[in-house]
Each structure stands twice: as structure tokens, then as C-alpha cells.
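S.K.: Predicted structure and sequence below. I'll ask about it afterward.
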Amino acid sequence: MGLEVRRPPMEAWYMDDSAEDQRKPHHRDPPEYVSLDKLAELGILHWVLDADSYENDPELQKIRKERGYNYEDFIEVCPEKLPNYETKIKIFFEEHIHTDEEIRYCLDGSGYFDVRDPEDRWIRIWVQKGDMIVLPAGCYHRFTLDENNYLKVDMANCP
Ligand SMILES: CSCCC(=O)C(=O)O
Ligand SMILES: [Fe+2]
């Protein structure tokens, strides 16, 4: 077992309908949280890992082996590091799906992955350093930075 990673559990909530900045939390009033169990029912998987041990984390290696993730692709989502930043940010926030599962491991910073539930409601998943999530193939989703405006992510993919 790697270093016990102590931080609040990953949070998810139903979004409000306001048109304010996408990087704001968009909580309903009162907030309506969604449990990790409910996310798992939607096929959304989650682990909390020790991002500082990325290079030699036995837990990460076990997950990668079990799920067949055989390569890494790091991006830093910020104007200084991401080429065509403005375009990419817009593309990320356009609702879309993939034919393969989407694996995203947050190595630093934070951001929001929004997913549609079966009733077409948006669920906002707040991913922070150490959170690794898997969105199932065919899951309608989008991504935005939060008001911290920085995310470093391993966009590991299936073969
Ligand atoms: C920064 S992760 C990008 C979000 C996404 O959905 C994608 O890459 O397809
Ligand atoms: Fe995606």
C-alpha cells in the first residue's frame, strides 16, 4: 500500500442552470451532491493516488496493468504550456463522447469534468491533485478549468 493519501474525498454535484462563467462551481441552491457510489453506477471510476510518487507508484502500476493502460500523455492546461490554449479550452468544453474510456489522472492543479446522467442532467466532478477518474466509453462529457486556472493531467489511454 502506497503512502496513505490524506485529503478530502472527490466531490461531485448537480449543476445549476446559470449562465455564469463556466469556471465557477455552479452549485444548485441548496447544493445537491452526488456520491462516488452514484458515479460508479454511471460507470465512472475513481482512485485517489499519491501524485508525488507518480514515477514509481505501485498502486498506479497495478491499475495500469489491470486496465491495460500502456502509455502516458501529459498536458498542462494553462496559457503558458498548452499550444492553441484558447481553442483547446473551447473544444474541451464542447460536450462530446469517445469510443474508448477516458482516463484522466490529475498530477497537479484541478478542474471540472461534467458528465450527463441518464436524465440528461449535468453532474460536475471536481478533480484535484491525486484524483484519477475513468469515464466510460460513450459517456457524454466536457471539461473546464476551475477558478484556479491550472491542471496538469496524464491523459493515459487504452491501447
Ligand atoms: C484536460 S482533459 C481534456 C478533457 C477531455 O474530455 C478530452 O481530452 O477528451
Ligand atoms: Fe473527452
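M.R.: Yep, it's here. Ligands and ions are numbered 1, 2, ... in the order given.
S.K.: Which secondary structure state is assigned to Ile89?
M.R.: Three-state assignment for Ile89 (DSSP: H, G, I helix; E, B strand; the rest coil): helix.
S.K.: what do you get for the one 10 residues further on?
M.R.: Taken by three-state DSSP, the conformation at Thr99 corresponds to coil.
S.K.: try Gln61
M.R.: Gln61 - assigned by three-state DSSP - is helix.
S.K.: What is the burial count for it?
M.R.: 11 (other C-beta atoms under 10 Å). Using the backbone N, CA and C atoms, a C-beta is placed for each residue, glycine as well.
S.K.: Ligand 1 versus that one, what's the distance?
M.R.: Gln61 sits 22 Å away from ligand 1, going by C-beta to the nearest ligand atom, to the nearest Å.
S.K.: pLDDT value on that residue, please?
M.R.: Turning to Gln61, the model gives it a pLDDT of 93.
S.K.: give the contact list for it.
M.R.: Not one residue lies near Gln61 by C-beta atoms under 8 Å, 6 or more residues apart in numbering.
S.K.: Just the local confidence number for the residue nearest to Gly138 when sequence neighbours are not counted, please.
M.R.: Leaving aside its chain neighbours, Gly138 sits nearest to Ile97 (5.4 Å; criterion: C-beta to C-beta, 6 or more residues apart in numbering). Note for Ile97: predicted pLDDT of 96.
S.K.: Run through the residues that contact the residue in the chain that ligand 1 sits nearest to.
M.R.: Using C-beta to the nearest ligand atom, the single residue of the chain nearest to ligand 1 is Phe143, 3.5 Å away. Residues near Phe143 by C-beta under 8 Å, 6+ apart: 92-93, 111-114.
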